[in-house]
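Participant: Sharing a model prediction with you, sequence too.
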Number of protein chains: 2
Amino acid sequence: MALTTPEEEKQHNNNNGCHMNLAISHYCTGEPQTNLSAVINHYVHTLNHFNFRNLGYPTNQNFDYDALTPLLQFHLNNAGDPFVGSSFRLNSTSFEVSVLDWFANLWDIQKNKYWGYVTTGGTEANLHAILVGREQFPDGVLYTSEDSHYSIFKIARIYRMQCVVIKTLISGEIDCADLKATLLHHKDRPAIINLNIGTTMKGAVDDIDLVIKTLEESGFRRDRFYIHCDAALFGIMLPFLKAAPKIISFKKPIGSVSVSGHKFLGCPIPCGVVITRSEYMNASSRDIEIIGSRDATITGSRCGHAPIFLWYAIKKKGSIGIQNEVENCIANARYLHNRLSDAGIGAMLNEHSNIVVFERPLDHEFSRRWNLACQGNIAHVVVMQHVTIQMLDSFVIEFLHKRSFSRFQDYGSFQPLCIAKQVGTANCSCSMHNLYHDCAC
Amino acid sequence: MALTTPEEEKQHNNNNGCHMNLAISHYCTGEPQTNLSAVINHYVHTLNHFNFRNLGYPTNQNFDYDALTPLLQFHLNNAGDPFVGSSFRLNSTSFEVSVLDWFANLWDIQKNKYWGYVTTGGTEANLHAILVGREQFPDGVLYTSEDSHYSIFKIARIYRMQCVVIKTLISGEIDCADLKATLLHHKDRPAIINLNIGTTMKGAVDDIDLVIKTLEESGFRRDRFYIHCDAALFGIMLPFLKAAPKIISFKKPIGSVSVSGHKFLGCPIPCGVVITRSEYMNASSRDIEIIGSRDATITGSRCGHAPIFLWYAIKKKGSIGIQNEVENCIANARYLHNRLSDAGIGAMLNEHSNIVVFERPLDHEFSRRWNLACQGNIAHVVVMQHVTIQMLDSFVIEFLHKRSFSRFQDYGSFQPLCIAKQVGTANCSCSMHNLYHDCAC
């Protein structure tokens, strides 16, 4: 899709911050109208405009599910346990089990050793996994790093669990020194550990092996800890990276892994996958006669379309296709990181990551235009499949242009934001740290 | 769609109880295949076969969203608070707010007095509503009737809440005498009450006014109780029933109402709506910078398509259309109830309900063929929009035919199941209670 100018873009934006034409809302009130098609057409036009400008969120916009449109005429519902089936016959549990088997294989766990399901997204997957952990250790303490997804802190509150927040390194990885000190402080209670593979903002991958070592060194035997790996985006990517070892593997003493379905694979509907060890599930589910199944999931009625989207994406791409996409995203992320660094913009890119972190643009309209995700002094671009070199070039050129006119341009000398606290002095381009680099002290 | 014979049906069934051709599963493994379209076509054919045989589940199969197929090319995500908007621009929060306003109006609460969102289904709506209640009263006791949806008991366990199960009347309604005795037993702690509008199996509507009176008589002032109304199916139907007074209304001291979106309105994807009072939400949500919104929902990423389906259905049907559909479903349910009763089959139909309860067919294949939902000695038919008089006639004729060959036909005298315990002696046709009716004693 051709990129538009900022002036053209303005015509598509409203002024209330909700980023969509709220004029559609009045169509919903009152009696039937004849212009439903006009509203939908207008909406599709607006979406088309935004679709390939998404740089800040980890959603793959490059998908084509036209072949699945006939399924839109059915209500598909996978209520219950996908392995038990359901008495509601319009289900897609066969596709679901196929998808689960694929992920189980990807993460090194045998078919008869795992249980899992396709969730409504990463949060439900985390909800399920941490509940499994809590059911194993009802008085366990939940440990998670300060860079964890916001759902984890919400889940702790919902589940009435004590949650201890662990510091992170500059990269965003969990700080195992702080973890150890904290574990020792609570050594009388089992540990439920949420690990980020990787973090939402910086794409940092917590070191599973080092965390296990830390647990052992702190006196936690394997029957006194439960590890959940929140691998929302990287759960699919890492296993296909030639340069990465088997980071995610059930051969390690982990309890569960979750991933989002709409992120790397791409899906119209948010969805996710959670895989855990089957031994944990046998005690914590309940047969429900009315659905002819077992209630072992957080939600009840579950989307039957999402597993088919995932099945189709996995099948269509194939292993080689996925591997190529992963490598391309990583390569393009490196390209962006280099371009930003070369242009004197503070930036950071973790190993095995497609998330480029950099100083937050001060022009709000520019951030909205590129749909950036921002946090404090930093922003990030997640280089997904729809993000091309051409887009990245346009983005950097425009960023530099906007930056040169920023309000920090006083007295003829440009003053970039200091982001050393977020990305380290080596990656910061503010006047103080830039000077520091130059003197190589 | 033409109905098929049991023999034709058999060709569509597999033998493993999962009701779908599991042969598709092998397509998911290995490298790309060229026959994805063939698998989808086969699946669509199978679904078509089942689609209009669903009698046992409250899903409206009569919908047509062909006009919305262009939306399948976008990932739409309403992460965050629909009223705050989101920095992820591919959202449908405008449609969502329109849908929420419609429900708020339906249930008598002003726009500036409510908060809500479109959920992934009835369970998430209940999860949210009961959490709101628990946040109001952290040490509250959860009361719910024994006929409640299975999600309620799961939620109590997940939320670590004390849950007290209240007996029901024969109709399935909550027994307010038992509720009162139980409330008095726990009068030192606030009450969080889940009411069923109506129950999953019998379609019984708990009497909100009587429950409020019972609370007051038991010494619970309005600042010491929270009522959630789980109106999964009837939340849309009751307000459109001429014969029903304003059963669901926020003018009563209730805290929240939930409804499923895929049930009465019909939707390919499971979804739901929860509406609560805005005063409860201000304290229990958290701003999340990375999504440019407020985290006030159970799930994180939320389906952007579901609100558009709901918006489209509401808009296309209009109030008169919905009212006609409700009255037609109720009328057809009465027709089925009369036909079963006239044929000597024990059956029950609650007032304002489209759920006909009757003795469980003993032929398992017959139950599967009509996709019946069964529980103990009873089964039910939920008369939704796709259920025609012709279907009901076929069903009754086949049921009578199967029944006459059942294993209870010994010594020349037929022995129907006794279901007096479930539906009352007046609705039971077993030999003992039938005799009782005849003698009018």
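Facilitator: Yep, it's here.
Participant: ok, how many other residues are close to A:Val97?
Facilitator: 24 (other C-beta atoms under 10 Å in any protein chain shown). The way it works is simple: take the backbone N, C-alpha and C, and place the C-beta from them, glycine included.
Participant: Next, work out how far apart it and A:Gly80 are.
Facilitator: 13 Å (C-beta to C-beta, to the nearest Å).
Participant: cool, and A:Ala333?
Facilitator: A:Ala333 is 40 Å from A:Gly80, by C-beta to C-beta.
Participant: Settle it for me: which of the two has more neighbours?
Facilitator: Taking other C-beta under 10 Å, A:Ala333 and A:Gly80 do not tie; A:Gly80 has more neighbours (27 against 23).
Participant: Low-confidence bits of the stretch 301-441 of chain A, can you list those?
Facilitator: Within the stretch 301-441 of chain A, the stretches with pLDDT under 70 are A:406-414, A:435-441.
Participant: residue boundaries of the strands in it?
Facilitator: A:347-349, A:355-359, A:373-375, A:378-382 (DSSP state E, counting those that start in this stretch).
Participant: Return the distance of the third one from the chain's centre.
Facilitator: Relative to the centre of its chain, strand A:373-375 is centred 14 Å away, using C-alpha atoms, centre = their mean, to the nearest Å.
Participant: For it, give me every contacting residue.
Facilitator: Contacts with strand A:373-375, where a contact means C-beta atoms under 8 Å, 6 or more residues apart in numbering or on different chains, come from A:Gly56, A:Tyr57, A:Met201, A:Arg360, A:Ser367, A:Ala379, A:His380, A:Val382, B:Ser87, B:Glu289, B:Ile290, B:Ile291.
Participant: For it, which strands pair with it and how are they oriented?
Facilitator: Strand A:373-375 has its sheet partners listed here by DSSP bridges as strand A:378-382 (antiparallel).
Participant: For the strand it pairs with, buried residues please.
Facilitator: A:Ile378, A:Ala379, A:His380, A:Val381, A:Val382 (16 or more other C-beta atoms under 10 Å in any protein chain shown).
Participant: For those, which two are the farthest from each other?
Facilitator: Spatial extent of the buried residues of strand A:378-382 (C-beta to C-beta) is set by the pair A:Ile378 and A:Val382 at 13.2 Å.
Participant: Which residue lies closest in space to A:Ala306, excluding its sequence neighbours?
Facilitator: Residue nearest to A:Ala306 in three dimensions, not counting chain neighbours: A:Cys271, with 3.7 Å by C-beta to C-beta, 6 or more residues apart in numbering or on different chains.
Participant: Over to A:Lys246?
Facilitator: Nearest residue to A:Lys246, sequence neighbours excluded (C-beta to C-beta, 6+ apart): A:Asp108, at 6.9 Å.
Participant: Go ahead and confirm the one you found touches A:Ile247.
Facilitator: No. Using C-beta atoms under 8 Å, A:Asp108 makes no contact with A:Ile247, being 10.8 Å away.
Participant: Compare neighbour counts for these two and give me the winner.
Facilitator: A:Ile247 (22 against 16).
Participant: pLDDT wise, what is A:Asp178 at?
Facilitator: At A:Asp178, the predicted lDDT confidence score is 98.
Participant: Just confirm it is within a helix.
Facilitator: Yes. According to DSSP: H, G, I helix; E, B strand; the rest coil, A:Asp178 belongs to a helix.
Participant: From A:Asp175, how far off is the residue nearest to it when sequence neighbours are not counted?
Facilitator: Leaving aside its sequence neighbours, A:Asp178 sits nearest to A:Lys167 (C-beta to C-beta, 6+ apart; 4.2 Å). As judged by C-beta to C-beta, A:Lys167 and A:Asp175 stand 4 Å apart.
Participant: More neighbours: which of the two?
Facilitator: Remark: of A:Lys167 and A:Asp175, A:Asp175 carries more neighbours, 18 against 15, as counted by other C-beta under 10 Å.
Participant: Wait, that one touches A:Thr182, no?
Facilitator: No. Applying C-beta under 8 Å as the test, A:Asp175 and A:Thr182 come out as separate, 9.8 Å apart.
Participant: Mind listing the shared neighbours of the two?
Facilitator: A:Ile166.
Participant: A:Arg360 contacts A:His380, correct?
Facilitator: No. Using C-beta under 8 Å, A:Arg360 is not in contact with A:His380, being 9.5 Å away.
Participant: buried residues in stretch A:382-397?
Facilitator: In stretch A:382-397, counting by 16+ other C-beta under 10 Å, buried: A:Val382, A:Val383, A:Met384, A:Gln385, A:His386, A:Val387, A:Met391, A:Leu392, A:Phe395, A:Val396.
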